[in-house]
Every structure is written in C-alpha cells, then in structure tokens.
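Peer 1: Mind looking at a prediction? Sequence and model below.
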Amino acid sequence: MLKSVLEHPNVPSPTGFLHRYVHRMSGKHSQTETIQQTSPVVFSETGSKVKSSEQIDANSTSEDPVKLKAHEHRLDIGDEKSSLLGYEVFSGKLVLDKKTKTSGDDEQTGSGPGNSDSIDAKLTTKALIWGSHVLSLEDVISISYGACFRHFTVHAYSVRRRSYGLSCFMKPQRSQKDFRFVASSSEEAIKWVQSFADQQCYINCLPHPMMSSKKQTSNLVVTEALYDLPYIKCKSPPRLLVILNPRSGHGRSSKVFHNQVEPIFKLAGFKMEVVKTKYAGHARELVSTIDFSTCPEGIICVGGDGIVNEVLNGLLIRDDQKEAISVPIGIIPAGSDNSLVWTILGVRDPISAAMTIVKGGLTATDVFAVEWIQTGAIHFGTTVSYFGFLSDVLELSEKYQKRFGPLRYFVAGFLKFLCLPKYSFELEYLPTSKELGNSKEKVLENQDKIVMSDLYTDIIHESRKEGIPRASSLSSIDSIMSPDRMSGGDIGTTGSTVASNEPSDYVRGLDPKLKHLSSGRNTLVSEPDEVLHPQPHLSANFNWPRTRSKSRTDKTWTGLTVTNDSRCSRGATSLYDKEDISSTVSDPGPVWDSEAKWDTGPKWDAEPNWEGENPIELPGPPDGLELGMKLEPVPSLEDKWFVKKGKFLGVLVCNHSCKTVQSLSSQVVAPKAVHDDNSLDLLLVGGSGRLRLLRFLICLQFGRHLSLPYVDYVKVKSMKIRPGLTTHNGCGIDGELVHVKGQIMCSLLPDQCRLIGRPAQHCK
Ligand SMILES: Nc1ncnc2c1ncn2[C@@H]1O[C@H](COP(=O)(O)OP(=O)(O)OP(=O)(O)O)[C@@H](O)[C@H]1O
C-alpha cells in the first residue's frame, strides 16, 4: 500500500521540492533518469538476496562497474520484506574515479575518466547508489568539492566486512573510504553536491587551486567568482569544546582522539577547542565557568563515564541552569568503561561514537541527583549509584590504579570478595505509580494477610530473640497499621507523608497545593530480617523548586527547614538503631513479588523544548508549610514509601540498563531500566555472604540475576539510604567515589541532560 502510494507519479515525495529544484537545474537528461526511476529503491534483506546485498556494498568498488551492471536490476526489485532505501533526490551519470589526484587541467579539459565509464547513479534520502554499489548516508561524513570542478569526493566510514568466521567473534570496525566521482560537467557536479548538502551532509568547499597556488593572478573578477558559490548551501560547521581526560583508558585516550576521532571531526568541519584535563575535577571546574558562546554546539567528552560525570556536574551546578542544561554533551568512549553511551546510543567504539556525533540529533536522558540530606550537597549522575560491595571495590581499586591498570577492578573485587564484610542499610523508597498500580490490587488483597501476618511473625521472631514482650510487639503492629498513628504521633513529628504520584510532579514541584492535600503513608514491607516502623517523610514528599547549586541555608522558602526532614529521618533512624537487625535471610515481600508490567514510558522522538521546560528542582517542603503547622494526614495508597532495613550485599540505583562495554548485550545490570522513563530502577541484593555474592555475580553474567530469590527489583521515583553504623559508607556515582554521611536521597530529574546523537538502530 505504502509502496504503491510512493510509486504513484502524481504523489509528491517529501523531497518533492528538492526534486523540482534539482531537476529544474539538472536538465533533460537527468529528468528522464528520474522519471524512469521514481519507484523507491529497495534492498532485499532476506534469503539469497542477503548475499547479493552484501556483494554490492560500497566496499566492493574495486569490481568492474560494467560487470556489476548485471546486478543492477536487483536494486529495483520490489519485495514486501525489503527495506526502503529512501526517496530519490537526484540522479545522473557519474564516473567513479580511482585516480587519487587529478590535475586542474584534466578537469577543465574534460580529460580523465572517460564518459564510457559512466554509470547510472542516484542519491536517495538514505543512500548513494551507483551501479550495484550502495553507500548508506549514515556512513557518509562529508563531501569535498573544489570550486568549478567536475569531481567531488564522498568521505565515508563504512563498516569493514570480515569473513563470516571472524565476524562472530570480533566487533565490527569502521574505516575511512573516500569515493571520488566525476560528473559530466561542473554544473552537474554542483547539483550533486547540493543534493548531498540537502541531505544534511557537510560540504567541505575547497577553494579553486588558483586561489591557493602561485597561479593566483591579479584577475580579481576571476578570484571573486571562484569564492562565490551561492548555490551550495550546507549546514554551518559546529563549534565545540572537547574535554579530554588524558588518563582515561589507561592513558590511551589522547591517541584515540587524535588518531581516530579528530580526523572525522575535521572532515565534518568541526571547529574544536581541545582541552586536556590536568587533574581530577578539572573538567567540572572548567564547565562550571565556561562561556557557552565559545562552544554553542556542545561539549564533547573524551574518556570514560567519569569525565562525563564531571562535565554533567559542572553544568548542573551553574547559576544559569536553563542555559546549562540545554548544552548538549557528546561522548567519545575512550575510558575503561563507557556504559552511558553504549547503553543509550548503542556505540562503544570511538569511530562509531564520532560518527554518531557528526550525524547529530539529540537524545534526552534523565539525570539523578544524590543529595546529602544533612549538608545539602548534591552530586548528579546519569548511570548508576551504588552502595555495598561494589562501592568497596571501587574504593579499593584506587589503591591499585598504578600497579594493575585495567585489571585493578578485578584485583580489588577478588580481594574484597575474600574478606567480604557485612553491609547493612536502611532504605526508604517511593515506587512509581505504575509499579504501585501493578502491585496495588495484590497489596490491597493481601495487605492484612501478608503484611500483618508477616510482621506479626517477624516481631514475634524478633521478640523472642530480643526478649521483647509479645504484647508490645502486637501493639507495635497496631500502631503501624493504624492510620492515625501513621501521622507521626508515635515519633512526635509534625510531618505527614505527602508524596506525589508522578515523578515529574514530585521532582518539579508543579502542583504543591495538591501535594499538601494528599498524604500517604509508608507501606511496610515485611522481611524476615526486618523490623518495620512508621516513618514520616517530610522532605521526600514536599516539593519546592530550588536551584541545586544552592546549599540548604540559601533557600528562600519559609516554614519548616530541611532540618525538620533530617530530624524526622534521624528520629526514625534512632528508633531503628535501637533494634538490631541481624538476620541475613532476605525474602522479597508481597509487593516485591508482584511482577510489574514494565513500560518504557515516553520516548524521545521530537526535538525537546529545552527552554526551561524541565527546570532542575529537588524535592523539598511545600510552600506555606509553617513551622509547627500540622497537616492532617489523608492516607493514600498511591503515596507509598516502602521501608526496608537489613543486610544487603548491594544496593544499586540505575538510570538506564547499564550495559558494560565488556559485556554481551544480555549482560545488563538493570534490564528494565530506560534512560528517559522518568524513573530509577532500584536493585537490591539482599543478605550477606560470599556464596550469595558469587551466585549473584555469576547469574549477572548470564542476565539471570533478577530471578534470584534474594534480589529485588523495583522502579522508583526516589530512594533514601543510610548505611548502618558499622557499614562502610562508600558510594559510587557513575564510577566516582563519594562518601555517605548520614542519610542520602536519590531523586530523579527527568530529561535534564541531552546527549549528542541518536540511538543506533539496534538500540531503539
Ligand atoms: N588529568 C587527570 N589526572 C587524573 N585524574 C583525572 C584527570 N582528568 C580526569 N581525571 C579523573 O579520572 C577519573 C576517571 O576518568 P574516566 O572515567 O574518564 O576514565 P576511565 O579510564 O574510565 O577511568 P577509570 O578506569 O578510573 O574508570 C575521573 O574521576 C576524573 O575525575
């Protein structure tokens, strides 16, 4: 159907204007060509035709064009299963010139490749096709064109074909390939070049040799004419700042950039200022003060996830936050691990990443803020924050940086595994409304049955252990389950649990009044190793906009200060602290068991309006909440903070699925996480002990870790965590080590970062 519409001669194609323009310019010959070839070109992908398609890729240019003509008909064969090669933009005769250099005299006299070598060629919206060759425009970096010449050169980076045996084991690699074409006249060449420009290819207009050579004369008229090429309009070269971490990738990043990436950027006309970092934190400092007018098209990070994290933090701590979040970040993976660009854009080698940047487009991604509740300090991240075993490995690995280089994580991991401590955490998390929606029925049906009975059992269990009288345990249950008590009376706070249902409301504070009216309660998840208490969550449930660069003392809101929040949490925690939780058995509670229907959420397919659409805001007290004012709690099942306390080998808060560059595609940490779904994916590895850890790590390699009974996985809007007194307080944020003091909170900031480039096909 679509095909027949496309084929209809009267239906203007999306490039109809272009068609008319180019064909008006191109004269009778190419008009005839175009009319003859109006059907969309198709390229068979199936069966024996796969082979033929591979035979006719652009790399086979060494074959005789005449012989290859025999294959031409295959391109036009319609097949329902074939993929379209786009709409035709321009067509004509071209000669593929295998001579690398042609003298200017050749050009003007028309010597060089003869007309007998010319073959039919066409440019579509997706590819350049000549004879039996197909060169995808995705692989084209730019076109070089010398003024007034008949020839132009297409610079491409095509995937190098390997023999079938090797291709299974080796990553596909791209290499530069230049195709020099000669058109029948210089006017025709200009039309070809303009057509490429219209397809967003960068045109590198070279001055006429007379301009640069000694042949230059005083003939100013000629000179002006040579400069003047009004009919080739192409995109202007972008101006970018490149921040390169020379330590990344064990010192190889400079070489990677200069040898592999810079030539591509230069071909694409990029105007770059390259800054090599001199110390850790340099990138952050630089970005926090840089004048954006010097790099209007963005900042390119060359290195690992660490340097990207520095740049992100440098941007987000600026006072001009609206402008700062609109600055796109490009990533050239040259570090030990580049999970962000691999997971989101699907590229893991520097050349593909450079091409993704050249091709342009933007991909919005969520950001998370890790906030130290006591101090107000904030560190932003885009990939993952983790606690427990992994953060210990990160910390230990720093000691071995010089001695073991890339192996240091393995060495540190092994050593840490041998002397594995126990990690205990207090966790509170607010699941997304979808998560709640999926589990709500189950919770409602089973709440009394499961939560109460489990609690009852737990507390009896604890009572027996601790010698607490049973009656007091029962009264604890009553107090927990009673909505009145849940207002916080038990622990003497004025807080109610107010949480919005959607992360955007929660984070952006779009409707604080509504939030005042709704108040929730903690959902108490029963765990055999946990004792659960009602928890007020002032800070996490209040919403007020604030600039994340300001400390809490800078805030202009009136009423309860955040110390209230901290106090409440600390109050609650001190309650926790009185009761030791020592069991290592973790059992996912009823809510955790419920299998959510994961939804990828909104997709980024339109250019975002970055102008203040999603200001960075963190949760805080509501407007008008005055000190001492008591809000009447309105229990709502929508606003559930879940509380967990106990031993965990690891707690990971993932913003995307976290592929590691070394892994196969199935080996992802958070398989259900999506970078722009307005939620964070919380992965809890419960319990302690080497056996359990080993089992988890092995299952992770095979993508089966979520099926382990002691692994919990839930999508959340926000999460608070406090390490136990004896637990090491390291925390990794995108591979950067920080230390937790007191309680910290991870919150989501939707779409606050934009990456340069669009996801590769296989990532969509
Ligand atoms: N010139 C420098 N000297 C030392 N450290 C630096 C320098 N520039 C940046 N850094 C720090 O190096 C750390 C690692 O950087 P990055 O992630 O880019 O590389 P990497 O090869 O992936 O590193 P790693 O193997 O440590 O994860 C970052 O924390 C960054 O702050």
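Peer 2: Now that the structure is in, tell me what you want to look at. Fair warning: this is a prediction, and the values are worked out from it, not measured in the lab.
Peer 1: for the stretch 301-450 of the chain, which spans come out with low pLDDT?
Peer 2: Residues of the stretch 301-450 of the chain meeting the criterion pLDDT under 70: 435-450.
Peer 1: Would you pull up the residue in it closest to the ligand?
Peer 2: G304 (2.0 Å; Cβ to the nearest ligand atom). All C-beta spots, glycine's among them, are computed from the backbone N, C-alpha and C.
Peer 1: Correct me if wrong: G381 contacts E310.
Peer 2: No - taking Cβ atoms under 8 Å as the definition, G381 is not a contact partner of E310, at 11.1 Å.
Peer 1: how about the residues of this protein near the ligand?
Peer 2: When proximity is defined as Cβ under 6 Å from any ligand atom, the chain approaches the ligand at 245-249, 277-282, 303-307, 310, 335-337, 735-736.
Peer 1: Okay, and which of those map to helices?
Peer 2: Applying DSSP state H to the residues of the chain next to the ligand, the entries found in helices are S248, G249, H282, D305, G306, I307, E310.
Peer 1: Would you quantify the distance from the fifth one to S158?
Peer 2: Between G306 and S158 the computed distance is 32 Å (Cβ to Cβ, to the nearest Å).
Peer 1: again with the third one
Peer 2: With distances taken as Cβ to Cβ, H282 is found 37 Å from S158.
Peer 1: Now the buried members of the residues of the chain next to the ligand.
Peer 2: 245-249, 277, 282, 303-307, 310, 335-337, 735-736 (16 or more other Cβ atoms under 10 Å).
Peer 1: neighbouring contacts of stretch 258-277?
Peer 2: The contact list for stretch 258-277, computed with Cβ atoms under 8 Å, 6 or more residues apart in numbering, reads 141-142, 155, 157, 176, 202, 204, 237-247, 254, 257, 283, 286, 294-295, 300, 302, 307, 332, 350-351, 353-355, 357-358.
Peer 1: so of the residues you listed, which ones are in strands?
Peer 2: Under the assignment DSSP state E, these contribute 141-142, 155, 157, 176, 202, 204, 239-244, 300, 302, 332 to strands.
Peer 1: List buried residues within those.
Peer 2: By neighbour count, with 16+ other Cβ under 10 Å, those hold 141-142, 155, 157, 202, 204, 240-244, 300, 302, 332 as buried.
Peer 1: Report the contact partners of the residue of the stretch 301-450 of the chain closest to the ligand.
Peer 2: By Cβ under 8 Å, 6+ apart, the contact set of G304 is N245, S248, G249, P333, A334, G335, S336, D337, N338, G735.
Peer 1: Please name the spatially closest residue to it (chain neighbours excluded).
Peer 2: G335 (2.0 Å; Cβ to Cβ, 6 or more residues apart in numbering).
Peer 1: and if you look at A189?
Peer 2: Using Cβ to Cβ, 6+ apart and skipping residues adjacent in sequence, the residue nearest A189 is A183, 3.9 Å away.
Peer 1: got the contact list for F368?
Peer 2: Taking Cβ under 8 Å, 6+ apart, we find F368 in contact with F380, G381, T382, S385, V653, N655, L680, C746, S747, L748, L749.
Peer 1: of all the residues you listed, which comes closest to L691?
Peer 2: Distances from L691 to the contacts of F368, taken as Cβ to Cβ, are shortest for V653 (25.2 Å).
Peer 1: Tell me how many other residues crowd the closest one.
Peer 2: If you count neighbours by other Cβ atoms under 10 Å, V653 ends up with 28.
Peer 1: List the contacts of it.
Peer 2: Contacts of V653 (Cβ under 8 Å, 6+ apart): F368, V384, S385, Y386, L680, D681, L682, L683, V716, M719, C746.
Peer 1: rerun at 6 Å
Peer 2: Going by Cβ atoms under 6 Å, 6 or more residues apart in numbering, V653 touches S385, L680, L682, M719, C746.
Peer 1: ok so, going back, just name the closest of the ones in strands among the contacts of stretch 258-277 to C148, please.
Peer 2: Distances from C148 to the ones in strands among the contacts of stretch 258-277, taken as Cβ to Cβ, are shortest for N204 (15.3 Å).
Peer 1: Find the nearest non-adjacent residue to the closest one, please.
Peer 2: Closest to N204 by Cβ to Cβ, 6+ apart is S144, at 4.5 Å.
Peer 1: List the neighbouring strands of the helix or strand harbouring that neighbour plus their orientation.
Peer 2: Assigned by DSSP states H and E, S144 belongs to strand 140-146. As defined by DSSP bridges, the strand partners of strand 140-146 come to strand 151-160 (antiparallel), strand 202-206 (parallel).
Peer 1: pull the CA atoms of the first one into PDB?
Peer 2: It stands for strand 151-160. C-alpha atoms of strand 151-160 as PDB (Å, rounded to 0.1, in the frame of the first residue of the first chain):
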ATOM      1  CA  HIS A 151      34.700  16.000  -9.400                       C
ATOM      2  CA  PHE A 152      33.700  15.700  -5.800                       C
ATOM      3  CA  THR A 153      34.800  13.300  -3.100                       C
ATOM      4  CA  VAL A 154      32.500  11.500  -0.800                       C
ATOM      5  CA  HIS A 155      34.200  10.800   2.600                       C
ATOM      6  CA  ALA A 156      32.700   7.800   4.300                       C
ATOM      7  CA  TYR A 157      33.500   5.500   7.200                       C
ATOM      8  CA  SER A 158      32.000   2.100   6.300                       C
ATOM      9  CA  VAL A 159      31.900  -1.000   8.400                       C
ATOM     10  CA  ARG A 160      34.700  -3.200   7.400                       C
END
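Peer 1: Mind listing what's buried along it?
Peer 2: Neighbour counts over strand 151-160 (16+ other Cβ under 10 Å) mark H151, F152, T153, V154, H155, A156, Y157, S158, V159 as buried.
Peer 1: Same check on stretch 708-721?
Peer 2: Going by 16+ other Cβ under 10 Å, stretch 708-721 has these buried residues: 708, 710-721.
Peer 1: ok, now stretch 138-150?
Peer 2: Residues of stretch 138-150 classed as buried: D139, V140, I141, S142, I143, S144, Y145, G146, A147, C148, F149, R150 (neighbour count, 16+ other Cβ under 10 Å).
Peer 1: got the contact list for it?
Peer 2: Here stretch 138-150 makes contact (Cβ under 6 Å, 6+ apart) with 107, 152-158, 182-183, 186, 189, 193, 196, 201-206, 208, 226, 229, 264, 267-268, 358.
Peer 1: hmm, back to that, average pLDDT for the strand holding S144?
Peer 2: For strand 140-146, mean pLDDT is 90.
Peer 1: swap in stretch 206-218?
Peer 2: Here the average pLDDT along stretch 206-218 is 56.
Peer 1: Any regions of the stretch 601-750 of the chain where pLDDT drops low?
Peer 2: Along the stretch 601-750 of the chain, segments meeting pLDDT under 70 span 601-639, 661-666.
Peer 1: 90 - rerun?
Peer 2: 601-641, 659-668, 701-703, 725-729, 735, 741 (pLDDT under 90).
Peer 1: got a list of what the residue of it found nearest the ligand touches?
Peer 2: Closest residue of the stretch 601-750 of the chain to the ligand, Cβ to the nearest ligand atom: G735 (4.9 Å). By Cβ under 6 Å, 6+ apart, the residues touching G735 are D305, G306.
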